[in-house]
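Q: Give me coordinates for this.
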Amino acid sequence: MGRMADGAGAWMQAIWGKMNASLTAIPPARATSAQPRAPGVLAGIAERLAQALPEGARVQVAWRQPALGEGSDTTPAGAPQAPALLRQAWHGPHESQLEVLAERPADWPETAVQGWLAAARQQVEQALQLELAADTIASLQRSELLRQALYEIADLAGSNLALPVMLRRVHAIVGELMYAENFYIVLYDACRQTMRFPYFVDQLDPWVNDPDAEIAVADGDDSLTIRLLRTGETMRGPSRELRERHGIPFNENSGPDSADWLGVAMRRDERVAGALVVQSYRQAEVYSEDDRVLLAYVAQHVLTALERREARNRLEARVAERTAELQRANEELQVEVYERQRVQEIQRALFRIAELSMTSDTLAHFFAEVHDTVSELVYAHNFYIATLSDDGSMLEFPYSVDERDPERRPRQLGEGLTEYVIRTGKPLLADREKVMALKAEGKVRIHGTMAHCWLGVPLMRDDKVVGVIAVQSYSSDIMFSLRDQDLLTFVSFHIGSSLARKQAQDRLVQAHASLEQRVSERTRELAEANAELVEQIGERMRVERKLIHQTMHDALTGLPNRLQLLERLARAIADARDRPEACFAVLFMDLDRFKLVNDSVGHAVGDELLVEAGRRIVASVRSQDVVARLGGDEFAILAEGLDGPGMAEELGVRVLAALNAPVWVAGRELFPSASIGIAMWHPRYRSGEEMLRDADAAMYRAKGDGRDRCVLFDEQMHREAMRSLDMEMDLRRAIQAERFVPYYQPIVDMATGVPVGYEALLRWRHEHHGLMVPGEFLDVGEDSGLIEQIDWLMYEKVINDVARDVLPGYVAINVSPRHFRAPDFADRLLALLDQAGVAPARIRVEITEVALLDDAPRTLECLALLKRHGVLAQLDDFGTGFSALSYLHRFPIASLKIDRSFVAGLEGASSTESVAVIRAIVALAGSLGIELIAEGVETRHQRERLQALGCGCGLGFLFSPPVPLPAG
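A: You can find the predicted model right below:
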């Protein structure tokens, strides 16, 4: 705005005072709320308007707008002079006030004057619109820069970079957002009154910083940094002025004065935990209010990154300390120490693999890091991962490192050792003699250089073989063992699940990148839009219509979405309340086995199937019916103007018939079907959500009845919902009457058959329904929050039974995760034991893996307190996931219960996998000194297999069902 008048503010006040009475003045607070911006398009607007007047004519344009502030533009000849003035003032778009002043040509008729004023008004509003668009784009670019900076800081927190390198990267990121050549981070411990500078860079301050040195705040001279840490108040301005304002004397130890100083506090739970400080020694580089806000926002993310890194360092320090203790152990315990170290290596490897699935940029990097991790456990100089192609016809090698065969190309499935493992679904450990025997039998062919020893294990995902992990040795001095096979098998389970998570994450990243590209393209299109006001208005209207359409429609199928359906349902319900004869229905449908389509042939094919299903549903209904996609594979139909339930059921049958026709998608013939639930209008419904809820319940009834059918929500289903409510009332009465009793199932020494303890199981003596097991009422108890009261009734009765001294050994009570959220759980349980006079060692708490992960710090604290008093813990359903394994060495676990699925697997065709898992669990428990209990022992064969594998204790119907204690 090169010719903008210097006194624009004062001139504007005079102009607004002269505006006609029809214009409403801008309140002063509103007029000064936005900082003035130097417009680009508005600059020169006066000269452009003057081109339509006689040569030498003077024009002045003035504006006021919340985002742009106030300003003016004048022709080079100066402002128009009275008395021959043309003047037009008006309220423009976007809360703007505009005015044009010009010298009136002496020979112009009134029609020409009015035409010029109309054109001037149009051009000024057009320039204002373009200026606001440019301002919006600049704001979006600043927001994107900040978002990218915060993303990079969060990414650095999870990286493996050394802390100094990470902090230098953080410094560089802050430097991209503002002037930050002089930058430091200080951490503050308010309890200990110490501070530490993990990072300090200053061009003029010669102080040499020790990042690990803690400085007592009381010992340090008063400075801006110490004042900031004590008060938590942001400071901005020249350091000399800040010191004088806060009464801080100059001290050379605090560094030289700066031209501008900006410091913001980092807070944790409303307490100051440190600060970020930037300063400038240049008068040209000073900090604005925007810089203060930005630095305060970045500070919290930097604190989070530092805390994550320090937590990780503390964890590594604790692991190192534990390792040092083991190394100092007696020589007689060296074998046990070695086993413990081996277990810890496995735990770290599994944790590392899980971490890599979330942090690796590419699959190639993920596989390379997995190779490094496996190399820490077994000899893996020659290592490769083979995977089946999507159609299962090709064998691909996404990762391979080999001394003799550096490159493995994809090949058709054949008779190689890798294919042999895929066909059998079992691990293969083979030396040259065994390989030659398999070759002689025609079962395998040799690809590449023949190894002295070859070990391959199947890579599983969703209980299906999807590939192979293999290691091999070309030296007769290096041979693999069954222990290596068990170890690699155990690791492969977690690699498979981590690979699935990694692939899902990569798909999410690709979708995010695609979205960002679309946003960038859209921004560029807006920047290049036609300057004509009429076209801009038309484009804006088209965009608004598109956004409204997207808000109310599903992006994939183009059908109305849940929001639009609920809006239509609300109108239908309101109409039905005014017209008692109105009859309408909601049909809720779900495509049967749609997840199988997604998992087997891919999400792209699944999307095509959803589009085709939507098209068929629309073709099957009446023109006035509303077909909506609710999400996933769920659709709904609002059918109004019905004559009864029969008409709704006919509509449902018609839709099922249309969906049942085969469909060709991506070269495959699919046979879709659906389950439909129907809810008819009833005055008891208060909202569309309630109708959808009942239609959904009817749909699940249709699935339970065999799929591919319609079910009408009727009074019976309504009664079932009411029965759940009645069940809750019965539970409340049963708690008052103490109708819950413990049944006991013995835990026996499988070698002698003698009980070593018991598990207490919950039973409910219902006054009408007799004895009920937890599966019949536990869901209602959980949903209503009554389960905790029931548990405490059980705990009290079990402890009283133990006090009777009729149960030899210990008794295990089940403790759900929600108990560990209560801060007084351990104290309350110990108080019950003390009150009954029961030794704490007679009671064990049985927890699940979910409890370990729900709130690990609080659970660890609770279990440690119980152990100190003699109450031990045992882990239920062990082996179903790796999460508990990664925490096992941290928690005071006395015994593990092998999940009944592995015990049952000893009877089936897949017993090899169950044996491998149980053997690994036995080895792990033995190295940690933890006892084992097998759940669900039903047959003598299972008992014998478990004893042979090294498992000593078990419980199940082979020994005894759960029974109550006799009264006494």
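
Q: how about the helices of the stretch 201-350 of the chain, start to end?
A: In the stretch 201-350 of the chain, the helices defined using DSSP state H, counting those that start in this stretch lie at 224-231, 239-246, 289-327, 334-359.

Q: any idea which of those scores lowest on pLDDT?
A: Mean pLDDT is lowest for helix 334-359 out of the helices of the stretch 201-350 of the chain, coming in at a mean of 72.

Q: That one versus helix 289-327: what angle between them?
A: Taking axes from the mean of the first three to the mean of the last three C-alpha atoms, to 10 degrees, one finds helix 334-359 and helix 289-327 inclined to each other by 160 degrees.

Q: Helix 334-359: which residues count as buried?
A: If you call a residue buried by 16 or more other C-beta atoms under 10 Å, then helix 334-359 has these buried ones: 336-337, 340, 342-344, 346-357, 359. Yep, even glycine has a C-beta here, placed from its N, CA and C like the rest.

Q: And stretch 959-968, by the same measure?
A: Quick answer for stretch 959-968 (16+ other C-beta under 10 Å): 959, 962, 965.

Q: What pLDDT does the model give Cys951?
A: The model reports Cys951 with a pLDDT of 94.

Q: what do you get for Arg629?
A: Confidence score, pLDDT, at Arg629: 94.

Q: And Ala14, by the same measure?
A: For Ala14, the pLDDT comes out at 34.

Q: With Ile735 instead?
A: 92.

Q: Name the nearest residue to it, sequence neighbours excluded.
A: Nearest-residue entry for Ile735: Gln789, 5.2 Å, with adjacent residues in sequence omitted and distances by C-beta to C-beta, 6 or more residues apart in numbering.

Q: what distance separates the strand or helix carrying that neighbour from the centre of its chain?
A: Per DSSP states H and E, Gln789 falls inside helix 787-803. Counting by C-alpha atoms, centre = their mean, to the nearest Å, helix 787-803 is centred 38 Å from the centre of its parent chain.

Q: wait, which of the buried residues of stretch 959-968 is closest to His768?
A: Comparing the buried residues of stretch 959-968 against His768 with C-beta to C-beta places Pro962 closest, at 22.2 Å.

Q: what sits against the closest one?
A: 743-745, 759, 761, 763 (C-beta atoms under 8 Å, 6 or more residues apart in numbering).

Q: swap the cut-off to 6 Å and go again
A: Counting by C-beta atoms under 6 Å, 6 or more residues apart in numbering, Pro962 makes contact with 743, 745, 761.

Q: For the stretch 51-200 of the chain, which segments count as strands?
A: Taking DSSP state E, counting those that start in this stretch, the strands of the stretch 51-200 of the chain run over residues 59-65, 69-74, 85-92, 96-103, 182-189, 194-201.

Q: what is the rounded mean pLDDT of the fifth one?
A: Averaging pLDDT along strand 182-189 yields 92.

Q: List the buried residues in that strand.
A: For strand 182-189, by 16+ other C-beta under 10 Å, it's 182-188.

Q: ok, now the third one?
A: Of the residues in strand 85-92, 86-90, 92 count as buried by neighbour count, 16+ other C-beta under 10 Å.

Q: buried sites along stretch 573-586?
A: In stretch 573-586, counting by 16+ other C-beta under 10 Å, buried: 573, 576, 583-586.

Q: swap in stretch 862-875?
A: By 16+ other C-beta under 10 Å, the buried positions in stretch 862-875 come out as 862-863, 865-867, 871-875.

Q: So which of those sit within helices?
A: Among the buried residues of stretch 862-875, the ones falling in helices (DSSP state H) are 862-863, 865-867.

Q: and which of these is nearest Arg445?
A: Distances from Arg445 to those, taken by C-beta to C-beta, are shortest for Leu863, at 54.6 Å.

Q: if we can go back for a sec, between the buried residues of strand 85-92, which sits nearest Cys453?
A: Gly92 (83.2 Å).

Q: So which helix or strand of this structure has the lowest pLDDT on average?
A: Within the chain, confidence by mean pLDDT, DSSP states H and E is lowest for helix 28-31 among all helices and strands, at a mean of 30.

Q: three-state assignment of Ala430?
A: Using DSSP: H, G, I helix; E, B strand; the rest coil, the structure places Ala430 in strand.

Q: Just give me the neighbour total for it.
A: Around Ala430 there are 20 other residues, counting by other C-beta atoms under 10 Å.

Q: Next one: it, what pLDDT does it get?
A: 91.

Q: where's it relative to Thr489, distance?
A: Separation of Ala430 from Thr489 (C-beta to C-beta, to the nearest Å): 15 Å.

Q: One more: Met358?
A: For Met358 relative to Thr489 (C-beta to C-beta), the value is 24 Å.

Q: for Thr304, same thing?
A: Distance of Thr304 to Thr489, computed by C-beta to C-beta: 38 Å.

Q: Please apply the same query to Arg268.
A: Per C-beta to C-beta, Arg268 is found 44 Å from Thr489.

Q: re earlier: format the buried residues of strand 85-92 as JSON lines; extra columns: pLDDT and distance to Glu650.
A: As requested, the buried residues of strand 85-92 are exported to JSON lines (pLDDT from 0 to 100; distance: C-beta to C-beta, whole Å):
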{"residue": "Leu86", "pLDDT": "84", "distance to Glu650": "74"}
{"residue": "Arg87", "pLDDT": "86", "distance to Glu650": "73"}
{"residue": "Gln88", "pLDDT": "89", "distance to Glu650": "67"}
{"residue": "Ala89", "pLDDT": "90", "distance to Glu650": "67"}
{"residue": "Trp90", "pLDDT": "92", "distance to Glu650": "62"}
{"residue": "Gly92", "pLDDT": "86", "distance to Glu650": "59"}
